[in-house]
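[1] Fold the following.
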Amino acid sequence: MSVSRGAAVVIGAGPGLGMSVAHRLGREGHTVALVSRSEARHAAYVSSLADAGIKAEAFAADVRDRDRLLAVLDTVAERHGPVEVVYYGPGSADPGSHPTPILQAGADDVRRAMEWAYPAVDVAQRVLPGMIERGEGGLLFATGLSAVTPMPALGNLAILSASLRTYAVTLNAALAGTGVYAGCLVIGGVIERGDIHGMISSQPERYGPVAGMTLDPDALAEAAWEMYATGDRAEATFSVFG
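    Residues are numbered from 1 along each chain as shown. Model (predicted):
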């Protein structure tokens, strides 16, 4: 492991990509703060990181609870030093978060989906001033393939995906020359070990076979680290659809 670095915050810490990102950042010497709603799984996550020699702490927060989310970021900074890296990749299996096809999606449907985008802005506004002042740090956002490829069935969620991508790449342009990075992973596929992968795999009669439709979260996490470490591109697309 490298020398100690600032804190890394993983927002949307799940068993798939979130934990892969946590391990990858931890291997670079970051203390990792895990943020998710699933508090029951936190002990196992922290133990997994500890077994790899990575210092970590977990916090329960729904990103849509603005006050709680910002309080967690402040607590991380107080306990573990300035936030140096943030990965923003929360997902939801809530029934209310299922997509509304674009021809049926009204303003209320879009507003509901966008509840997952606004916290990304809150997070960025909380940590960017310190990063810019120090001249180092970065923000990594994860979004879906519908951000760049029309997928009418995803409707309101496609608007969310596109919004997150545009926010990330626009931040990237604005941060040029500051030493701070922002970038976006555009993901088209089912992430292995993740909650959605588990759901689909357990109900093949409903969702069909998952073979050939999956992406390795460790490979994605490695790509995310390379994007941040090199700062040479604002986005990268990973898709099983060619």
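[2] Pick out the residue nearest the middle of this protein.
    residue 89 (1.9 Å; Cα atoms, centre = their mean).
[3] what sits against that residue?
    For residue 89, the contact set (Cβ atoms under 8 Å, 6 or more residues apart in numbering) comprises 10, 11, 12, 17, 18, 21, 141, 142, 185. (C-beta placed from N, C-alpha, C; glycine too.)
[4] any idea which of the residues you listed has the most stuff around it?
    Neighbour tally across the contacts of residue 89 (other Cβ atoms under 10 Å): the maximum, 31 neighbours, falls on residue 10.
[5] Am I right that that one sits in a strand?
    Yes - according to DSSP: H, G, I helix; E, B strand; the rest coil, residue 10 belongs to a strand.
[6] distance of it from residue 19?
    8 Å (Cβ to Cβ, to the nearest Å).
[7] Then residue 215?
    Counting by Cβ to Cβ - residue 215 and residue 19 are separated by 14 Å.
[8] hmm, back to that, would TSV of the contacts of residue 89 with distance to residue 179 be doable?
    Output for these, formatted as TSV (distance: Cβ to Cβ, whole Å):
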residue	distance to residue 179
10	22
11	22
12	26
17	26
18	26
21	21
141	19
142	23
185	21
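[9] all helices of this protein, in order?
    17-27, 42-51, 66-80, 107-114, 118-134, 155-174, 195-202, 204-207, 217-230 (DSSP state H).
[10] Please identify the most buried of the ones you listed.
    Greatest average neighbour count among these goes to helix 17-27 (a mean of 24), per mean count of other Cβ atoms under 10 Å.
[11] Outside of that one itself, which residues are in contact with it?
    With Cβ under 8 Å, 6+ apart as the contact definition, helix 17-27 has outside contacts at 1-2, 8, 10, 12-13, 32, 34, 36, 45, 48-49, 52-56, 85, 87, 89, 140, 142, 187, 191, 193-194, 217-218, 220-222, 224-225.
[12] Go again with 7 Å.
    With contact meaning Cβ atoms under 7 Å, 6 or more residues apart in numbering, helix 17-27 is reached by 1, 8, 10, 12-13, 32, 34, 45, 48-49, 52, 54, 56, 85, 87, 89, 142, 191, 194, 217-218, 220-222, 224-225.
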